[in-house]
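Visitor: Turn this into a structure:
(one chain, ligands or ions: 2)
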Amino acid sequence: MTEPQSAPFTPSPAAPSTVSRDIVIDCDPGIDDAIAILLAAACPDRVRLSSITATHGNVGLALTARNACKVRALAGRPDVPVHAGCPRPLTARVHDAAHIHGGNGLGGVELPDGEGGIAAAHGVDTLIAEGERGRTLVAVGPLTNVAVALIKRPDMATRWRRLVIMGGGVATGNVTPAAEFNIFTDPEAARTVLTTTDWPQAARPVLFPLDATHQALLSPDWIADLAASGGAVCRTVAAMLGGYETPSTAARGGKCVHDAMAVAWTIRPDLFEARAARIDVVTDSGASRGRTVADFTSREPTADIVTGVDAPAFTGWLKERLVSLDA
Ligand code: BDR
Ligand code: CA
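Guide: Numbers count the residues shown, from 1 in each chain. Ligands and ions are numbered 1, 2, ... in the order given. The predicted structure is shown next:
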């Protein structure tokens, strides 16, 4: 593994031509997935949440799809269709994170289902239909739906305007020392997506690994301040975060909000810095299974890996946007 040289923070250039106004979120809610959906809904002047597709992941598909419906209701967006995708990994055994996100996937917080149910079309077909409309895809769960869409329609690599992924780790893991949850849960799918070389060079996938998401944590003060702002959305987010226990939470002094950063990139790329790298994913059995291997020296990069975050600006902006949903 070749690691990036350290360098001062230089924001990634805003690339409006490589991000569509309409975005699709493929997710496994999941507490940070829920915050990602809320953030998209909180920026209507910059993005329009076109649809949500659910995958297996933090909890089973029946719960992640239902949780997506609950979160769209909380966000005041009952119009956004929610589609259920794949219920299990391509070949791996099912693996979840209920010990982190709670048995219901939302930290034990019970929310009403809201209007409307789960839409009829399959999540994979929805990702393809959204690609045909040139939409940006933000994938923040295991990459099963995305991989199946690419297997079914390889041309999606040039049809999605941009693919932004939360997953992987250059120098760290969170399921094993080598592997991050979204990649570990379906390494074969991740390898299918991340070793595709058909992406346009100017619109390579953007990858948010743990090395980036661990840079901006939500402190106890941040969470208390959000709760005190008084609205239903903010109180609910604070309650969910109270039931969100990552093993690193205590040691790091705050809670990771991984998935919200991937949505943030589509709106505020100036908050992040990224470097091009060629990515591979280890699919062998053994201690390295699910590792993302990033070669920052490659002349044929396949992704832009986020390496730096303006943490105070990101966490401040996130709070301001969540508060705006209650206004
Ligand atoms: C990722 O794993 C999940 O538990 C989170 O929702 C996030 O997508 C972080 O490793
Ligand atoms: Ca997730």
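Visitor: And the helices in the stretch 101-250 of the chain?
Guide: Per DSSP state H, counting those that start in this stretch, the stretch 101-250 of the chain carries helices over the ranges 123-132, 144-152, 156-159, 181-185, 187-194, 210-213, 220-228, 232-242, 249-252.
Visitor: ok, and does the second one reach over to ligand 1?
Guide: By that I understand helix 144-152. No: Helix 144-152 does not reach ligand 1 (Cβ under 6 Å from any ligand atom); its nearest approach is 13.2 Å. For every residue, glycine as well, the C-beta is placed using N, CA and C.
Visitor: List of residues touching that helix?
Guide: Helix 144-152 is contacted from outside by 26, 53, 55-56, 85-86, 88-90, 123-124, 127-128, 131, 137, 139, 156-157, 163, 186, 188-190, 192-193, 196, using Cβ atoms under 8 Å, 6 or more residues apart in numbering.
Visitor: Now do that helix and helix 187-194, the angle between them.
Guide: On the basis of axes from the mean of the first three to the mean of the last three Cα atoms, to 10 degrees, helix 144-152 is oriented at 60 degrees to helix 187-194.
Visitor: Can you give the distance of helix 144-152 from its chain's centre?
Guide: For helix 144-152, the separation from the chain centroid amounts to 16 Å (computed by Cα atoms, centre = their mean, to the nearest Å).
Visitor: For that helix, the averaged confidence score.
Guide: For helix 144-152, mean pLDDT rounds to 98.
Visitor: close to ligand 2, is that helix?
Guide: No: applying Cβ under 5 Å from the ion, one finds helix 144-152 separated from ligand 2 by no less than 12.3 Å.
Visitor: Restricting to C-alpha, output that helix in CSV.
Guide: Written as CSV, here are the backbone C-alpha positions of helix 144-152 (Å, rounded to 0.1, in the frame of the first residue of the first chain):
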residue,chain,number,x,y,z
THR,A,144,-24.3,-4.7,-3.8
ASN,A,145,-27.0,-2.7,-5.6
VAL,A,146,-24.3,-0.6,-7.4
ALA,A,147,-22.4,-3.7,-8.5
VAL,A,148,-25.5,-5.5,-9.8
ALA,A,149,-26.5,-2.4,-11.7
LEU,A,150,-23.0,-2.3,-13.3
ILE,A,151,-23.1,-6.0,-14.1
LYS,A,152,-26.6,-5.5,-15.7
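Visitor: thought residue 75 was touching residue 38?
Guide: Yes: assessed by Cβ atoms under 8 Å, residue 75 is found in contact with residue 38 at 5.3 Å.
Visitor: With adjacent residues omitted, what lies nearest to residue 139?
Guide: Excluding its sequence neighbours, the residue lying closest to residue 139 (Cβ to Cβ, 6 or more residues apart in numbering) is residue 26, at 4.5 Å.
Visitor: And for the one you found, the neighbour number?
Guide: Residues lying near residue 26 (other Cβ atoms under 10 Å) number 31.
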